[in-house]
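Trainee: below is the sequence, then the predicted model.
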Amino acid sequence: MTDTLIELRGVTKRYADGAPPVLHDIDLDIAAGESVAIVGPSGCGKSTLLHIIGALLEPSAGTVHFAGTDLTTLDADATAALRNRELGFVFQAHHLLPQCTALENVLLPTLVATDRAQRQRAQERARTLLADVGLGDRADHRPGQLSGGECQRVAVVRALINEPRALLADEPTGSLDGANAEHLADLLVELNAKDRVALVVVTHSERLAARMQRCLELRAGALAEAAARA
């Protein structure tokens, strides 16, 4: 893996003028198809860093490049288009719409498409992906009819529907029991290997972090390779 997909240089984030930085002068390269865990104590800025990588939050200083594009130079419309097309997001809470079926929730990111053929392809891809994660027979069920693990798998499929090049996951197993957490970890690792989707996971789970190709620790605003754990 030599192709750099995500590149951060000198990224600093303050939430108020004069306040100490949450992130300070961070450099980070993530290759296409690479899997990276970001760990660290609660409140250290892990989610802030992930949101900056995903163009949900602007840095106070520094640059963020995605596939060669400087995200800090994009206007709001271009940023939203890039997020929709190139990035998939999975959070600790699945954020599914309760009134929509699993299939309808998966298709939400495709609603901006105006081409009828494109919408049809999205329908076919959604059903294929749901089948791939073991939910082919649950496509017409609403979130209230699904388990927590099933809802989180729907959220992963929704994140993948537009064929992003990077999947960003913020504590994706945090609300799941042990068995469902392991199943979701299996799914993320498989997707990373099979589809060569770059995977960046913020997590407190040492088991999940250990399954990534690289583990970085954020502490006191600085990012470094995490110490090996026995």
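Mentor: Sure, I can see it. Remember, it's a predicted structure, so these values are computed and weren't measured experimentally. Numbering: from 1, shown residues only.

Trainee: mind checking which helix or strand the most centrally placed residue in the chain is in?
Mentor: The residue lying closest to the centre of the chain (CA atoms, centre = their mean) is residue 168, at 1.5 Å. For residue 168, the enclosing helix or strand under DSSP states H and E is strand 166-170.

Trainee: what's that strand in contact with?
Mentor: By CB atoms under 8 Å, 6 or more residues apart in numbering, the surrounding residues in contact with strand 166-170 are 5-6, 30, 46-47, 50, 53-54, 66, 86-92, 156, 159-160, 188, 191-192, 197-203. C-beta here means a position set from N, CA and C on the backbone, and glycine is covered the same way.

Trainee: just checking, what packs against the helix or strand hosting residue 105?
Mentor: Here residue 105, judged by DSSP H and E, is contained in helix 102-107. Contacts defined by 3 or more CB pairs under 8 Å, 6 or more residues apart in numbering; DSSP states H and E place helix 102-107 against helix 116-132, helix 148-160.

Trainee: mind putting the ones you listed in a markdown table, distance to residue 17 and mean pLDDT included?
Mentor: Listed next are these as a markdown table, based on distance: least, CB to CB, whole Å; pLDDT from 0 to 100:
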| stretch | distance to residue 17 | mean pLDDT |
| --- | --- | --- |
| helix 116-132 | 44 | 89 |
| helix 148-160 | 35 | 93 |
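
Trainee: great, nothing more from me.
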